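Participant: Sequence below, structure please.
(one chain, ligands or ions: 1)
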Amino acid sequence: PLMVAGETAVPKPRPSYRLIRPIALVGLMGCGKTTVGARLAAMLNAPFRDADAEIVKAAGRSIPDIFESLGEEAFRDGEKRVIARLLEAGPMVLATGGGAFMAAETRAAVKASGAAVWLRADLDTLVERTGRKNTRPLLRGGDPRVILQGLMDQRYPLYAEADIVVESTPKGSAEDVAYSIIDA
Ligand code: S3P
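Facilitator: A predicted model of the protein is given here:
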């Protein structure tokens, strides 16, 4: 069909780019790394990997369980190793966990093998999106809005080292954000 109900009236041309290096999506919890990443990978015909999911697979336990039983430091060690391994596998779209890009080694590894894209979102958007699930240990210890504001202050200067910055607002669909990444 030329048009399906619910789709935008004027379909954007499907890009025919071929990814030649990994793209890592970085940004705070709730900014849309997984949703946009999966969409972007499909548009680029590239594999999609989610670092958190790979850590869970490698550890054989959930993220809250890793934080609780092994501690955050052990999680961060595993996170660095898993991302370094994933980046070696060539072109892909990689969604990283929100804290991953805080590690200097990970920032360097991403930049050496490919490019980092920061999905920047405002506080209201992050609070709204993270409120849908209770799977994030860092948001369990207090008021998520206060915690997320603190993480914004701490992390935004480092996310700003990404090669590309794209706004991830509630107005744009995951597909729109993926298109902005391709444009950028
Ligand atoms: C974390 C973000 C989470 C996950 C872990 C720690 C963080 O990933 O890695 O709970 O430090 O910001 P998402 O950003 O995918 O939620």
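Participant: And the residue most central in space within the chain, how close does it get to residue 101?
Facilitator: Nearest to the mean C-alpha position of the chain, by CA atoms, centre = their mean, lies residue 33 at 2.8 Å. Residue 33 is 11 Å from residue 101, where distance means CB to CB, to the nearest Å. Heads up, the C-betas are built off the backbone N, CA and C, glycines and all.
Participant: Report the set of residues contacting both of the two.
Facilitator: residue 26 (CB atoms under 8 Å, 6 or more residues apart in numbering).
Participant: looking at this, residue 175 is in a helix?
Facilitator: Yes. Counting by DSSP: H, G, I helix; E, B strand; the rest coil, residue 175 is part of a helix.
Participant: on that earlier part again, the residue nearest to the centre of the chain contacts residue 23, correct?
Facilitator: No. Look at residue 33 against residue 23 with CB atoms under 8 Å: they stay out of range, at 11.0 Å.
Participant: Show me which residues of this protein are close to the ligand?
Facilitator: For the chain, the contact set with the ligand under CB under 6 Å from any ligand atom comprises 29, 33, 52, 63, 97-99, 136-138.
Participant: Show me these that map onto helices.
Facilitator: Mapping the residues of the chain next to the ligand onto helices (DSSP state H) picks out 33, 52, 63.
Participant: which one of the residues you listed sits closest to residue 89?
Facilitator: Nearest to residue 89 among these is residue 52, at 16.7 Å by CB to CB.
Participant: what sits against that closest one?
Facilitator: 63, 95, 97.
Participant: What remains of those residues if I keep only buried residues?
Facilitator: Among these, those classed as buried by 16 or more other CB atoms under 10 Å are 63, 95, 97.
Participant: from the residues you listed, which is closest to residue 19?
Facilitator: Ranked by distance to residue 19 (CB to CB), those are led by residue 95 at 14.6 Å.
Participant: mind listing what the strand ranked longest in the chain pairs with, with the direction of each?
Facilitator: Counting residues, the longest strand found in the chain (DSSP state E) is strand 115-120. When pairing is defined by DSSP bridges, strand 115-120 lines up against strand 23-26 (parallel), strand 164-167 (parallel).
Participant: what's next to the last one, contact-wise?
Facilitator: When contacts are taken as CB under 8 Å, 6+ apart, the neighbours of strand 164-167 outside the stretch itself are 115-121, 159, 177, 180-181, 184.
Participant: can you check stretch 174-184 too?
Facilitator: Outside stretch 174-184, the residues that touch it by CB under 8 Å, 6+ apart are 12, 15, 17, 23, 32, 35-36, 38-40, 43-44, 117, 119, 164-168, 172.
Participant: Equivalent analysis for stretch 80-94, please.
Facilitator: 18-25, 37-38, 40-41, 44, 46-51, 54-55, 58, 96, 100, 103, 105-106, 109-110, 113-114.
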